[in-house]
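S.K.: Predicted model, plus sequence, below.
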Amino acid sequence: MTPVRTAVHDLLAHAAASTPDAPALSYRNRTVSYAETWGSVCTIAEQLRALGLGHGDRVAIYLEKRIETVVAIFAASAADGLFVPINHVLKPAQVGHILVDSGARVLITSTERLTQLAPILPGTEVAHVILIGADDAEGVEGAHADRETPFRLHGWRDGPQARVEVRRSARIDIDPAAILYTSGSTGGPKGVVVSHRNLIAGAESVSSYLGNVSDDVILGVLPLSFDAGLSQVTTAFSVGAHCVLMNYLLPRDVPKLCEQYGVTGLTGVPPLWQQLADVPWPEEAARRLRYWANTGGRMPRTLLARLRETFTEAKPYLMYGLTEAFRSTYLDPAEVDRRPDSIGKAVPNARIVVMRPDGTPSDVGEEGELVHRGALVALGYWNDPVRTAERFRPVDHADWRAPEMAVWSGDTVVADEEGFLYFVGRRDEMIKTSGYRVSPTEIEEAAYATGLVRDAVAFGVDDPALGQRVVLVATPAGTGLDGGAHELIAALRHLLPLYMVPSRVDLRAELPRSPNGKFDRNLIRAEVAG
């Protein structure tokens, strides 16, 4: 009898039961089996319970990609909590926003990162901090017992004795499993609440059309806080494959790891693929690759052609998705030559509809909003019923069924006569750069926080490598900015992750405004583009 998967950690548990000695994860020169990984998850889950973690409590994980990060994610699930993975490139201000917004009670991080977060933690609900890399768990608590902090410090208690079983709970697959933070059109990042069902169905859907099997070796180069990055782990676990973790630094390191581990599957975003196309690939590493996949933005035709020349044996999968629905479409590799600009059709177990503003289906060739239905649709935005109601809306079947909740993407697409979809553009002001969705407001608020500007407007301009480049137009505050644009960019580097830092800053005496007093963003954009 096939075991029922009702929680995301069941993906790992069932693989550990079926193939305990098979490699599950590798990081640097360390490889752990499925049995070892599951044992570690059970041990950390017990540690979380001992700290009082209850049903639905949030566990924030602020670490670079490593084996302990994956263990922490699945342990939070096994302990009946929600995991909140935080991109390790975020600065303390962004991390603080996520900790406060999520109400996380437990934070798993490293000693070095804790030092950076010390100023912002007192303003959060974090009650316990588990430190990775602390050799002596008890010593960590004792060494910091005299600190006046509102949280307790604990060591990471994983060890070879990790062979306990996870307790059963009353959880069902529709219950929340995680909060994935993505930039919103206004303010700081918003938390997308995904269920266990979302994650399991997503892993099964992706692994089915990619044809993943237990012999696959999947290289995870994308952040685990990014749904596509997390998918590399869940997809591997769903079929008992081997996932190699990598914190991307230099393009030439990717072919080396692919050669070292015999990688068969690799997913990236267009800027990453642009870099990987420029480095030499060992013949064996290129030949071993069975598939490569793109997400997070349109793949330029010239880049697609270069990659196909490098990976002659690999099938290219061009994908489209959004955090609110995990993965929506993919283009069958057999169709790439015929329609390289298409985002394809719906992934397995999803239904994609193109809708007019009034909620009626668009005709063939008529632009409309991409609406995603099915098991991959997330539960909504964390503690934000207003934005949830705007994006997650019912679809009326006009028959006996009750209306079904779907996610309205905000992306304009068009379908051809055969049902293939083509991306047209976004309806909001979000910037899509380096595979990330970036809020203009978040960049503008960081600019104001420097104290160097009076007015600020951020937007994206097309870029063949990045998708879009971030541009900031601002007016200096008072007599400041003697150092010009370079001074402002240098200040923003301390407040924003690198992918959010503007590549260009235009300083002006005044910014044009519309009749209602708002910044005339369209005029500013046109002036800069011109």
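M.R.: Sure thing, it's come through.
S.K.: In this structure L304 contacts Y317, no?
M.R.: No - if you go by C-beta atoms under 8 Å, L304 and Y317 don't touch, sitting 11.5 Å apart. Glycine gets a C-beta too; all of them are placed from N, C-alpha and C.
S.K.: Report all helices and strands that the one helix or strand V193 maps to contacts.
M.R.: Assessed by DSSP states H and E, V193 sits inside strand 190-195. Strand 190-195 sits against helix 92-102, strand 176-182, strand 380-381, with contacts defined as 3 or more C-beta pairs under 8 Å, 6 or more residues apart in numbering; DSSP states H and E.
S.K.: Tell me the backbone dihedrals of the most centrally placed residue in the chain, please.
M.R.: Nearest to the mean C-alpha position of the chain, by C-alpha atoms, centre = their mean, lies F226 at 0.9 Å. Phi and psi for F226, reported as degrees, to the nearest 10, are phi -90, psi 130.
S.K.: Which stretches in the stretch 201-350 of the chain count as strands?
M.R.: 217-220, 242-245, 265-268, 291-294, 315-320, 329-331, 345-346, 350-355 (DSSP state E, counting those that start in this stretch).
S.K.: closest one to C243 among the helices and strands packed on strand 190-195?
M.R.: strand 176-182 (17.5 Å; C-beta to C-beta).
S.K.: what is the orientation angle of the closest one with helix 92-102?
M.R.: Put simply, strand 176-182 runs at 150 degrees to helix 92-102, going by axes from the mean of the first three to the mean of the last three C-alpha atoms, to 10 degrees.
S.K.: Please parse this protein into its domains.
M.R.: Split into domains by automatic domain parsing, the chain comes to 9-247, 321-426, 431-529.
S.K.: looking at the ones you listed, which one has the lowest mean pLDDT?
M.R.: Taking the average pLDDT of each of the domains of the chain, the minimum falls on domain 431-529, with a mean of 85.
S.K.: how long is that domain from one end to the other?
M.R.: Domain 431-529 has an end-to-end distance of 15 Å (criterion: C-alpha to C-alpha, to the nearest Å).
S.K.: Could you do stretch 115-127 as well?
M.R.: First-to-last distance for stretch 115-127 - C-alpha to C-alpha - comes to 16 Å.
S.K.: pretty sure S18 is touching V239, no?
M.R.: No - S18 is beyond contact range of V239, at 10.2 Å (criterion: C-beta under 8 Å).
S.K.: Compare those two and say which is more crowded by neighbours.
M.R.: V239 (20 against 12; other C-beta atoms under 10 Å).
S.K.: need the contact list for the more buried one.
M.R.: Residues in contact with V239 (C-beta atoms under 8 Å, 6 or more residues apart in numbering) are A15, S207, N212, V213, S214, D216.
S.K.: And the closest residue to the first one other than its chain neighbours, how far from L379?
M.R.: The one in question is A15. Sequence neighbours aside, G240 is the residue nearest to A15 in space, at 4.3 Å (criterion: C-beta to C-beta, 6 or more residues apart in numbering). According to C-beta to C-beta, to the nearest Å, G240 and L379 sit 28 Å apart.
S.K.: Only alpha carbons, please: show stretch 361-381 as PDB.
M.R.: Extracted as PDB, the C-alpha positions of stretch 361-381 are listed here (Å, rounded to 0.1, in the frame of the first residue of the first chain):
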ATOM      1  CA  PRO A 361     -12.800  33.900 -20.000                       C
ATOM      2  CA  SER A 362     -10.700  35.800 -22.600                       C
ATOM      3  CA  ASP A 363     -11.000  34.700 -26.300                       C
ATOM      4  CA  VAL A 364      -8.000  33.200 -28.200                       C
ATOM      5  CA  GLY A 365      -5.600  36.000 -28.900                       C
ATOM      6  CA  GLU A 366      -7.200  38.300 -26.400                       C
ATOM      7  CA  GLU A 367      -5.100  39.600 -23.500                       C
ATOM      8  CA  GLY A 368      -6.200  38.700 -20.000                       C
ATOM      9  CA  GLU A 369      -5.100  38.000 -16.500                       C
ATOM     10  CA  LEU A 370      -3.500  34.600 -15.800                       C
ATOM     11  CA  VAL A 371      -5.700  32.800 -13.100                       C
ATOM     12  CA  HIS A 372      -4.400  29.600 -11.500                       C
ATOM     13  CA  ARG A 373      -6.700  26.900 -10.100                       C
ATOM     14  CA  GLY A 374      -6.000  23.700  -8.300                       C
ATOM     15  CA  ALA A 375      -4.000  22.100  -5.500                       C
ATOM     16  CA  LEU A 376      -1.000  24.400  -5.800                       C
ATOM     17  CA  VAL A 377      -2.900  27.600  -4.900                       C
ATOM     18  CA  ALA A 378      -1.600  28.900  -1.600                       C
ATOM     19  CA  LEU A 379      -3.800  29.700   1.400                       C
ATOM     20  CA  GLY A 380      -3.300  33.500   1.300                       C
ATOM     21  CA  TYR A 381      -1.100  36.200   2.800                       C
END
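S.K.: buried residues in it?
M.R.: Neighbour counts using 16 or more other C-beta atoms under 10 Å place 362, 368-381 of stretch 361-381 among the buried residues.
S.K.: which residues of the stretch 51-200 of the chain fall in helices?
M.R.: Remark: helices assigned in the stretch 51-200 of the chain by DSSP state H, counting those that start in this stretch are 67-78, 92-102, 111-117, 137-143, 196-210.
S.K.: Contacts for the second one, please.
M.R.: Contacts made with helix 92-102 from outside it, assessed by C-beta under 8 Å, 6+ apart, are listed as 58, 60, 62, 84, 86, 90, 104, 107, 116-117, 119-121, 123-126, 179, 181, 188-189, 191, 382-383, 446, 449, 495-497.
S.K.: and with 6 Å instead?
M.R.: The contact list for helix 92-102 (C-beta atoms under 6 Å, 6 or more residues apart in numbering) reads R58, A60, Y62, V84, I86, Q116, L117, I120, T124, I179, Y181, G188.
S.K.: Give the buried residues for that helix.
M.R.: P92, A93, Q94, V95, G96, H97, I98, L99, D101, S102.
S.K.: Would you mind finding the most buried of the domains of the chain?
M.R.: Greatest average neighbour count among the domains of the chain goes to domain 9-247 (a mean of 20), per mean count of other C-beta atoms under 10 Å.
S.K.: Quick one: end-to-end length of that domain, please.
M.R.: 23 Å.
S.K.: ok, now stretch 258-268?
M.R.: End-to-end distance of stretch 258-268 (C-alpha to C-alpha): 14 Å.
S.K.: And the contacts of that stretch?
M.R.: D216, V217, I218, L219, V244, P282, A285, R288, R290, Y291, W292, A293.
S.K.: Scan this structure for its longest helix.
M.R.: helix 34-50 (DSSP state H).
S.K.: Check the gap between the residue lying closest to I73 once chain neighbours are set aside and P119 for me.
M.R.: Nearest in space to I73, with sequence neighbours left out and distances taken as C-beta to C-beta, 6+ apart, is F83 at 4.8 Å. Applying C-beta to C-beta, the value for F83 to P119 is 24 Å.
S.K.: cool, G460 as well?
M.R.: As for G460, its distance to P119 is 31 Å (criterion: C-beta to C-beta).
S.K.: and the one helix or strand Q468 maps to, what does it pack onto?
M.R.: Element membership for Q468, per DSSP H and E: strand 467-476. If you count contacts as 3 or more C-beta pairs under 6 Å, 6 or more residues apart in numbering; DSSP states H and E, strand 467-476 packs onto strand 431-433, strand 453-463, strand 504-507.
S.K.: Please name whichever of these is nearest to V8.
M.R.: Nearest to V8, of all those, is strand 431-433, at 27.5 Å by C-beta to C-beta.
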